[in-house]
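[1] quick one: sequence plus predicted model below, questions after.
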Amino acid sequence: MKFEVSSAELLKKLQVAHGAVSSNPVLPILEDFLFDIKKNNLTIRSTNLESTIISKISVLADSNFSVAIPATILLNTIKSLPDHPITISVDEDTFGVTIISKFGEYKLSGDKPEDFPKLPERDNVNEFEIDADSLNNALSHTLFATSNDELRIAMTGVLMQIDYNKIIFVATDAHKLVKFSIGGINSEESSMIIVPKKGLQLLRNALPANNKATISYNQKNIFIDYEDTSYVIRLIDAKYPDYNAVIPVDNNNVLSINRGDFLSSLKRIAIYANKTTNQVVLNLGSDNLNISAKDLDFSNEANEDIHCEYSGESMQIGFNAKFLIEMLGVLQADSIKIEMSNPNKAGIILPAEQEENENLLMLIMPVMRGH
């Protein structure tokens, strides 16, 4: 049993699929790619039991067959070859694998395909199409805000709230929250699912630009398909906290500022902040923002004035500089607004102008003065 394929084309598919290969798996077979050939089409599958990646490529094969091949040694071999046709042959009795290139032969032991985990069934799925760039944008703005606290398992993933013609992505770690909405979708039902961060990180790294993706899901898994690649991610079975309850209303104090200038200033001032609280204080009252930080333990302090537009009452509000810098770094807008009600309530960060069909809201909890 053998097939011929371009080494460069195969490499592209292996690099995507390798994302779901475990380095310390619970089962040795999870260190493998599953190769399945039918009618000159090769399907490559990898899984870590939480995420599965499936990629397809055309090959010239002499028969239909399946084999599990150790992923890392195969990937490293193909990576080190220049672009030219290669032949991969498999011994149907021993599952021994031979890679034949113009330079020579490389032999490795394959495994039985039956030992590879079965693919989750796509039964009772709701399905809709989404713009891949919008999906990528949503993931770029939300994944960083998820929690790492395994005791709050729901918050370690991204909530996807599907609501007929829009989808809302929400991530929070209780210090910061991001809500990113995409309009213009067409779903036949309304539902909420929680998708683990790791699977979405793999997807974000691979999504093609200027393309469409199809999302389908049931109670156990989400399936994301584009071009000749599919991701299957097992959902988190938990209840997501009521995120709307923490978003303050009546935020009459509004700061408008250049994001890049504000970010640069915060990075300098944060050097002088207390290393436990990372607190920086925003002093608001006119079209001049004063940013300051103190570390009384070491007698360090710094402050800067920066031009802004401000409407509202004079106030001082403290934020964790680390979180604020992280959030401003993810934002892509040139100008931003921060809306506040009082120094004890969360600040809301918004791009000055929202993109078409997209709506972004970031929330950051204040650091209480004196802490």
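    All right, it came through fine.
[2] model confidence for Pro208, exactly?
    Per-residue confidence (pLDDT) for Pro208: 87.
[3] what do you get for the one 5 residues further on?
    What the model reports as pLDDT for Ala213 is 96.
[4] and it, its phi and psi?
    phi -130, psi 150 (degrees, to the nearest 10).
[5] go ahead and confirm it touches Tyr226.
    Yes. Using Cβ atoms under 8 Å, Ala213 is in contact with Tyr226, at 4.3 Å. Any C-beta I mention is one placed from the backbone N, CA and C, and that applies to glycine too.
[6] so what sits against both of the two?
    Ala132, Leu207 (Cβ atoms under 8 Å, 6 or more residues apart in numbering).
[7] these two: which is more packed in?
    Using other Cβ atoms under 10 Å, the more surrounded residue of Ala213 and Tyr226 is Ala213, with 22 against 19.
[8] quickly list what that one is bridged to.
    Using DSSP bridges, the beta-bridge partners of Ala213 come out as Ile130.
[9] from Ile233, how far out is it?
    Ala213 sits 13 Å away from Ile233, going by Cβ to Cβ, to the nearest Å.
[10] do the same with Asn253
    From Asn253 over to Ile233 (counting by Cβ to Cβ), the distance is 40 Å.
[11] next: Asn40.
    Asn40 sits 29 Å away from Ile233, going by Cβ to Cβ.
[12] so which of these two has more stuff around it?
    Neighbour totals were compared for Asn40 and Ile233, and Ile233 leads with 25 against 14 (other Cβ under 10 Å).
[13] wait, the more buried one sits on Leu49?
    No. Assessed by Cβ under 8 Å, Ile233 is found out of contact with Leu49, at 10.9 Å.
[14] please identify every residue contacting each of Ala213 and Ile233.
    Taking Cβ under 8 Å, 6+ apart as the criterion, Ala213 and Ile233 both touch Ile224.
[15] which helices and strands sit right next to the host helix or strand of Phe180?
    Element membership for Phe180 (DSSP states H and E) is strand 176-183. The contact analysis (3 or more Cβ pairs under 8 Å, 6 or more residues apart in numbering; DSSP states H and E) places strand 176-183 against helix 132-142, strand 166-172, helix 321-330, strand 358-364.
[16] okay if I get the ones you listed as a markdown table plus distance to Asn126 and mean neighbour count?
    Conversion of the helices and strands packed on strand 176-183 to a markdown table gives the following (distance: least, Cβ to Cβ, whole Å; neighbours: other Cβ atoms under 10 Å):
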| stretch | distance to Asn126 | mean neighbour count |
| --- | --- | --- |
| helix 132-142 | 16 | 20 |
| strand 166-172 | 11 | 22 |
| helix 321-330 | 29 | 18 |
| strand 358-364 | 22 | 20 |
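[17] got those as JSON lines, with distance to Lys56 and mean pLDDT columns?
    As requested, those are exported to JSON lines (distance: least, Cβ to Cβ, whole Å; pLDDT from 0 to 100):
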{"stretch": "helix 132-142", "distance to Lys56": "17", "mean pLDDT": "95"}
{"stretch": "strand 166-172", "distance to Lys56": "26", "mean pLDDT": "98"}
{"stretch": "helix 321-330", "distance to Lys56": "33", "mean pLDDT": "97"}
{"stretch": "strand 358-364", "distance to Lys56": "31", "mean pLDDT": "97"}
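[18] now render those as CSV, adding distance to Glu4.
    Output for those, formatted as CSV (distance: least, Cβ to Cβ, whole Å):
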stretch, distance to Glu4
helix 132-142, 31
strand 166-172, 42
helix 321-330, 44
strand 358-364, 45
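[19] which among the ones you listed is found nearest to Leu11?
    Closest to Leu11 of these is helix 132-142 (Cβ to Cβ; 22.0 Å).
[20] figure out how far the following helix or strand past that closest one is from the centre of its chain.
    Downstream of helix 132-142, the first helix or strand assigned by DSSP H and E is strand 157-163. Here strand 157-163 is found 13 Å from its chain centre; the criterion is Cα atoms, centre = their mean, to the nearest Å.
[21] strands paired with strand 157-163, and their directions?
    When DSSP bridges is applied, strand 157-163 pairs with strand 166-172 (antiparallel), strand 190-196 (antiparallel).
[22] other residues contacting the first one?
    Think strand 166-172. Here strand 166-172 makes contact (Cβ under 8 Å, 6+ apart) with 130, 138-139, 141-147, 155, 158-161, 177-185, 187, 240-241, 243, 246.
[23] one more: the last one?
    Residues from elsewhere that reach strand 190-196, judged by Cβ under 8 Å, 6+ apart: 50-51, 126, 154, 156-164, 217, 222, 233-236, 238, 240.
[24] average pLDDT for it?
    The pLDDT scores in strand 190-196 average 97.
[25] list the buried ones in it?
    Within strand 190-196, the residues that count as buried by 16 or more other Cβ atoms under 10 Å are Ile193, Ile194, Val195, Pro196.
[26] ok, what's across the strand from the second one?
    Pointing back at Ile194 there. Here Ile194 shows beta-bridge partners Leu159, assigned using DSSP bridges.
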